[in-house]
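A.B. asks: Whatever this is, show me its structure:
(chains A and B)
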Amino acid sequence: MENSLDPAPPLLEVRGISKSFGAVRALQEVDFTLRAGEIHALLGENGAGKSTLIKVVTGVFPRDAGVVRLGGDEVAPRSSKAALEAGIATVYQEVNLLPNLSVAQNLFLDRQPMRFGIVREGEMRRRAKALLTEFGLDIDVAAPLGNYSVAIQHVTAIARAVDLSARVLILDEPTASLDRHEVEILFGIMRQLAKRGIGIVFVSHFLDQVYEISDRITVLRNGRLVGERETASLPRLELIRMMLGRELAETTGARATASDRPPREVCASFENYGKAGYVAPFNLELRHGEVVGLAGLLGSGRTETARLVFGAERSDGGQARVEGAPVRLQSPRDGVRHGFGYCPEERKTDGIVAELTVRENIVLALQAKRGLHRPLSRREQDEIAKRYVKMLDIRPPDPERPVGLLSGGNQQKALLARWLATSPRLLVLDEPTRGIDVGAHAEIIRLIRELCDDGLALLVISSELDEIVTYSDRVVVLRDRAHVEELAGETIDVTNILAAIAADGAAMQEARA
Amino acid sequence: MTMLLPRRGLAQILALIVILAVDRVVSPQFFDLRLQDGRLFGSLIDVLNRGTPVALLSLGMVLVIATRGIDLSVGAVMAICGAIAASLADSHSLPVVLAAALGAGLVCGLWNGFLVAVLGMQPIVATLILMVAGRGIAQLITEGRIVTFTSPDLVWLGNGAILGVPVPIAIALGMLILTGAVVRGSALGLLIEATGGNARASELAGVGTRAMILAVYVWCGVCAALAGVIAAADIMGADANNAGLWLELDAILAVVIGGTSLFGGRFSLVLAVLGALIIQTMNTGILLSGYPPEFNLLVKAVVVLAVLLLQSPKLPGFAGIMARLRRTKP
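C.D. replies: Here you go, the predicted model:
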């Protein structure tokens, strides 16, 4: 990775950074190199370690190992303020400025021009105006920052950072809430800054933008460095492969049994189902004893599809049917009533009730389904909890332990138990294996197949393509919030999924070749 | 049932014992009881009797707080319902008076619940509305006067006795048992704790979180109404300006002393009522000691701080010992 021919030391050199949170290894020996005057995209799926890397470099988190060198000198900032003073500035997606203060005050916060202990408002405004003009902004700097669009707030934050003599500018998802025109303005400013010799780290999920603006790309996956490439010589398909993992050589065929079995009965079907601005109308059939995988990049509409299917989000058109009968799915309660279950991606915020016990978490959905007047007796609760703790091997096997104290994998099992206890006909699993250790990972995949063999219909979302290939009978591929392709039987393999995700003609041909 | 008195009640029980012991020192007759005209008298009975309104309020408040809410309007609701009861007492029979007052409390609770559960307002702001407006409504009902009544039925509610036990104490005990039976006898307790612990997750698990939230505010309103009727019956009149004034704060304090977190989740009815008794035991003790009542507020603050420190997981020592004891239990 190191460019030994380059005589000058790189602007920012990150070597061998490791960081663990408890037992979770968020970063393992990660290297990252930023040259002066380049725009460098830092890419990876959720949980890849991008934010952790940024926060370790800028001193928000202490690092466990590794060095950071800025212009050849080792730096170890202990706070984002110290990092800023050293010359590393970060602008987060949520702008960290004060919307109630004026633009000028925000720009000179903490370093206002003073005379006799009094802020020189006029001087400050004049300098603010001059500074923003450099960035092509001609606005009233006396007006509160909150009056302006997110784009202008971003530019203000960048201007502040650059004016603080930043040499490294880290932009974390700066374009997430900007429209096309605003993105153009921002890119213009980024190019201008790069010309001045500032090194820019660009974190984004929008691959089009990455290809438009960046010079080089570094990809992280599961806390490890996957590689560093020149943008111009990295085909999009290859990039997606780097982000999602698995080399083509490793990938083998789909589930052999898939095409051999006779077609199963339809459990639930969705015709022209969708919601404007959320996910485009789709057709989807879920059959008993069948696993349907949802594949696509982050933000492609996977979770959105799952929430519509379960009833956590209301569709604005189309028809849902359960066992052939038309139904309305207006709320999670409707989903539960029709025998659906949903394990959400965000286990902690949307799944478990941390302070309640494993037993209480397991019986929650069943109790909600039965209603208030038919409480499960303590003995029934104990029996259910004991049965599932044993069946899913939840550890420690203590139903009275608060579920928040369990490991991620065991929390996930408790959530599965919650739904299995309701004897569902359809289970929707959003990233069921994310953030859990290898052992539990394998168990959950085994469980998915067993449940399927028992006649349950499953809709599973996963970023791990080889995992999806292993258990899916059909795979629906999403891109840009629309269902773009459905693969079945023999055609299910990582190559085809990647091709459908990348979906640009050349990449597809390359993949097929 | 162990759910009513969890293992964590030790700090509260210890605090109550210590305060009772101090009361015994400042007033040697503190534990004396005597029976007169078929009713028990004595400082202990006084504590229970005077503590009734806050105990009733805390029964509703603890459920509201368990859903991660708060109800600042209970003092004002007391004033409204007391005013209604006093106004109707001499012209209507007791059942009608009670139905009107409790009905008003129920409507107040529905209003609060509607604002929080349906409109999604922040509980502290939503209930502030009725806290302010409620006292005005009460003053409109009493037309700015102190309404007095002589109806023996209603007076009995405040001053009578059942088998020697003052009626307010009997009512509070009855409400504790009723609330406990409803909440822990049905699935309500679990679903309330789940809603307070993680509302998003609970909703995705199919829990009707809005219905839960509406229900607890309604129950809180009914409890406040009953407290208002008892307070009015006690003084044989309704004072819209002062009835239940600041009692919402005592009720919140009682719940917090009872170990229920303002962040919602786990709650204990019994410990909330115990919290109300701790507050009242302190009040009575200071009155008996002859210190000026101004001291009351200071001493209260110190005791509350002490109880909360005992519960604090960050404090080593007592909490650590408790945690270790709990861990060694099978």
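A.B. asks: buried ones in stretch A:229-249?
C.D. replies: Within stretch A:229-249, the residues that qualify as buried are A:229, A:231, A:234, A:236-246, counting by 16 or more other C-beta atoms under 10 Å in any protein chain shown. Heads up, the C-betas are built off the backbone N, CA and C, glycines and all.
A.B. asks: Now the nearest residue to A:Tyr278 once chain neighbours are set aside: which helix or strand?
C.D. replies: Nearest residue to A:Tyr278, sequence neighbours excluded (C-beta to C-beta, 6 or more residues apart in numbering or on different chains): A:Glu304, at 5.3 Å. When secondary structure is defined by DSSP states H and E, A:Glu304 falls within helix A:302-310.
A.B. asks: What is the helix or strand following that helix packed up against?
C.D. replies: Downstream of helix A:302-310, the first helix or strand assigned by DSSP H and E is strand A:317-322. Here strand A:317-322 touches strand A:266-275, strand A:325-327, going by 3 or more C-beta pairs under 8 Å, 6 or more residues apart in numbering or on different chains; DSSP states H and E.
A.B. asks: Looking at chain A, which residue reaches furthest from the middle?
C.D. replies: Here chain A reaches farthest from its C-alpha mean at A:Phe116, the gap being 50.1 Å by C-alpha atoms, centre = their mean.
A.B. asks: and whatever residue of chain A ends up closest to chain B, how many neighbours?
C.D. replies: Chain B sits closest to A:Val336 of chain A, with a gap of 3.3 Å, by C-beta to the nearest C-beta. A:Val336 sits with 24 neighbouring residues when counted by other C-beta atoms under 10 Å in any protein chain shown.
A.B. asks: elements contacting the helix holding A:Glu304?
C.D. replies: If contacts are counted by 3+ C-beta pairs under 8 Å, 6+ apart, helix A:302-310 sits against strand A:266-275, strand A:279-287, strand A:291-295, strand A:340-343, strand A:426-430, strand A:457-461, strand A:474-479.
A.B. asks: where does chain A have low pLDDT?
C.D. replies: Across chain A, the ranges flagged by pLDDT under 70 are A:1-8, A:46-47, A:177, A:246-263, A:435-439, A:504-513.
A.B. asks: okay, now the domains of it?
C.D. replies: With domains defined by automatic domain parsing, chain A comprises A:12-100+A:144-234, A:264-339+A:425-513, A:352-423.
A.B. asks: Next, the distance between the ends of the longest one.
C.D. replies: The first and last residues of domain A:12-100+A:144-234 sit 23 Å apart, counting by C-alpha to C-alpha, to the nearest Å.
A.B. asks: Now name the helix or strand holding the spatially closest residue to B:Leu56 that is not a sequence neighbour.
C.D. replies: Among residues not flanking B:Leu56 along the chain, B:Ala227 sits closest, at 4.1 Å (C-beta to C-beta, 6+ apart). Per DSSP H and E: B:Ala227 is located in helix B:209-235.
A.B. asks: Average pLDDT for that helix, rounded please.
C.D. replies: Per-region confidence: helix B:209-235 scores 97 on mean pLDDT.
A.B. asks: The stretch 51-200 of chain B: strands as residue ranges?
C.D. replies: Assignment of strands within the stretch 51-200 of chain B using DSSP state E, counting those that start in this stretch yields the ranges B:146-148, B:161-162, B:165-166.
A.B. asks: Among the ones you listed, show me which one is buried the most.
C.D. replies: strand B:165-166 (a mean of 19; mean count of other C-beta atoms under 10 Å in any protein chain shown).
A.B. asks: Who are the packing partners of that strand?
C.D. replies: Contact partners of strand B:165-166 among helices and strands, from 3+ C-beta pairs under 8 Å, 6+ apart: strand B:39-41, helix B:43-66.
A.B. asks: Can you list the helices and strands that the last one packs against?
C.D. replies: The reference is to helix B:43-66. Contacts defined by 3+ C-beta pairs under 8 Å, 6+ apart place helix B:43-66 against helix B:74-89, strand B:165-166, helix B:167-185, helix B:188-197, helix B:209-235, helix B:247-257, helix B:269-289.
A.B. asks: Please give the three-state secondary structure assignment for the closest residue to A:Ser463 other than its chain neighbours.
C.D. replies: Spatial nearest neighbour of A:Ser463, chain neighbours left out: A:Glu45 (5.2 Å); criterion: C-beta to C-beta, 6+ apart. The three-state assignment at A:Glu45 reads coil, by DSSP: H, G, I helix; E, B strand; the rest coil.
A.B. asks: would you list every one of the strands in the stretch 101-250 of chain A?
C.D. replies: A:114-115, A:118-119, A:168-172, A:199-203, A:216-221, A:224-230.
A.B. asks: and these as JSON lines, adding distance to B:Gly69?
C.D. replies: Formatted as JSON lines, those follow (distance: least, C-beta to C-beta, whole Å):
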{"stretch": "strand A:114-115", "distance to B:Gly69": "47"}
{"stretch": "strand A:118-119", "distance to B:Gly69": "43"}
{"stretch": "strand A:168-172", "distance to B:Gly69": "35"}
{"stretch": "strand A:199-203", "distance to B:Gly69": "38"}
{"stretch": "strand A:216-221", "distance to B:Gly69": "42"}
{"stretch": "strand A:224-230", "distance to B:Gly69": "45"}
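A.B. asks: Now the residue of chain B found nearest chain A: closest residue in space, sequence neighbours ignored.
C.D. replies: Closest approach between chain B and chain A, counting by C-beta to the nearest C-beta: B:Gly206, at 3.3 Å. Distances taken as C-beta to C-beta, 6+ apart put A:Val336 closest to B:Gly206, at 3.3 Å, once the chain neighbours are dropped.
A.B. asks: For that neighbour, give me its contacts.
C.D. replies: A:365, A:368-369, A:422, B:205-206 (C-beta atoms under 8 Å, 6 or more residues apart in numbering or on different chains).
A.B. asks: 10 Å - rerun?
C.D. replies: A:Val336 sits next to A:310-311, A:342, A:365-366, A:368-369, A:419, A:422, A:424, B:204-207 when contact means C-beta atoms under 10 Å, 6 or more residues apart in numbering or on different chains.
A.B. asks: Same list, these, but as CSV with neighbour count, distance to A:Val389 and secondary structure please.
C.D. replies: Formatted as CSV, those follow (neighbours: other C-beta atoms under 10 Å in any protein chain shown; distance: C-beta to C-beta, whole Å; DSSP: H, G, I helix; E, B strand; the rest coil):
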residue, neighbour count, distance to A:Val389, secondary structure
A:Phe310, 26, 25, helix
A:Gly311, 25, 28, coil
A:Tyr342, 28, 21, strand
A:Ala365, 26, 16, helix
A:Leu366, 22, 15, helix
A:Ala368, 26, 20, helix
A:Lys369, 19, 20, helix
A:Trp419, 25, 15, helix
A:Thr422, 22, 17, coil
A:Pro424, 22, 19, coil
B:Leu204, 27, 22, helix
B:Ala205, 31, 18, coil
B:Gly206, 27, 21, coil
B:Val207, 27, 22, coil
